[in-house]
Structure formats: C-alpha cells, structure tokens
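Participant: have a look at this prediction, sequence included:
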Amino acid sequence: MNRQKSQELNLAAPCGMYCGTCRHYLARKMGLLKERNLKHGCKGCRIQDKNCAWVKKDCSLLRKKRIDFCFECKDFHCCNLKKLDERHLRDDNISLIDNLIRINRIGPKKWLLEQEELWTCPKCGGHLCVIDKECYDCGYKIK
C-alpha cells in the first residue's frame, strides 16, 4: 500500500476494526490522554504502521505488506482473527469478520464513511468510543 493510500485508509485496520472508535485513537485525537489515564494514544493502524498486538505480529503477509486486509488472505478467517473477532463480539458487539466482508464488498472508502456515520453520537454529533461505550464529547452512554 502506498503512503497516500495508507493515510486515506488509516482508520480501516487490516483486521476490520474501525480505529475511529478506539479509546487510544480518540483520546490522542481529542487531547484526553491524561484525563483517560493513557500514556501514548494512537494515530491509527496504518499511519503508525505498528505491529498489531492481535493479528499482524503473527501474520507475515500483513507484516511484509503483501496484503492490506485479512480478507485478502487464502486463510481468511485464521485462528488469530477468529479469537480477535470473538473478543470484539463479546465485549463490543462488533464482528471484525463481518466488517471485513463488508469492506471487501463495498470497498474501504465507502465502509469508512458508513463507520463514521455509525459511530457519530446521536445526541451531540461527537465521537463515540466502542471500548468505553460513551461519547467523548458529551458523555452520552451507548446502550
């Protein structure tokens, strides 16, 4: 993936997570690291190009940038992705595998627009955090 495309798709993680709803991304973006008791925060998966603690560290295709998304792999849904998907289904009611299937179907740009709309606070139009289950702007609680 070239640098411009990487920046464009920054919030579409290779595993199917929408980084725009992650506490580490939102706290950094909104200057709330200290308030949220976080040390570093995150700029998004692709810009930081850091090794994903869940999938990328165990996937040579992602590490070597041979694929951009897990759905491009012949082993899609590998055991690492399944474990991560199960955790997000349990904790956040989000399926990364379903997200990846949707990204593959409609493309990452359209998917990012859908996610941005989905994760906008219905009360104030602010930023919803899937992990903390609240709006970082007004405190609205996600049910």
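Facilitator: Perfect, I can see it now.

Participant: from here on, just use CA atoms for contacts and neighbour counts.
Facilitator: Fine.

Participant: so where's the chain uncertain?
Facilitator: 1-7, 48-57 (pLDDT under 70).

Participant: what's the longest helix anywhere in it in contact with?
Facilitator: Longest helix in the chain, counting residues (DSSP state H): helix 79-92. For helix 79-92, contacts defined as Cα atoms under 8 Å, 6 or more residues apart in numbering pick out 15, 54, 55, 58, 94, 95, 96, 97, 130, 131.

Participant: residue farthest from the centroid of this structure?
Facilitator: residue 123 (22.6 Å; Cα atoms, centre = their mean).

Participant: neighbours of the closest residue to that residue other than its chain neighbours, how many?
Facilitator: Closest residue in space to residue 123, ignoring its immediate chain neighbours: residue 140 at 7.0 Å, by Cα to Cα, 6 or more residues apart in numbering. Look at residue 140: counted by other Cα atoms under 10 Å, it has 17 neighbours.

Participant: is residue 96 in contact with residue 16, as I believe?
Facilitator: Yes: between residue 96 and residue 16 there is a contact under Cα atoms under 8 Å: 4.7 Å.

Participant: measure the residue nearest to residue 123 to residue 106 for me?
Facilitator: From residue 140 over to residue 106 the distance is 30 Å, taken as Cα to Cα, to the nearest Å.

Participant: now residue 74
Facilitator: 20 Å.

Participant: residue 66: neighbour count?
Facilitator: Neighbour tally, residue 66, other Cα under 10 Å: 12.

Participant: identify the residues contacting residue 115.
Facilitator: Taking Cα under 8 Å, 6+ apart, we find residue 115 in contact with residue 18.

Participant: surely it forms part of a helix?
Facilitator: Yes: per DSSP: H, G, I helix; E, B strand; the rest coil, residue 115 lies within a helix segment.
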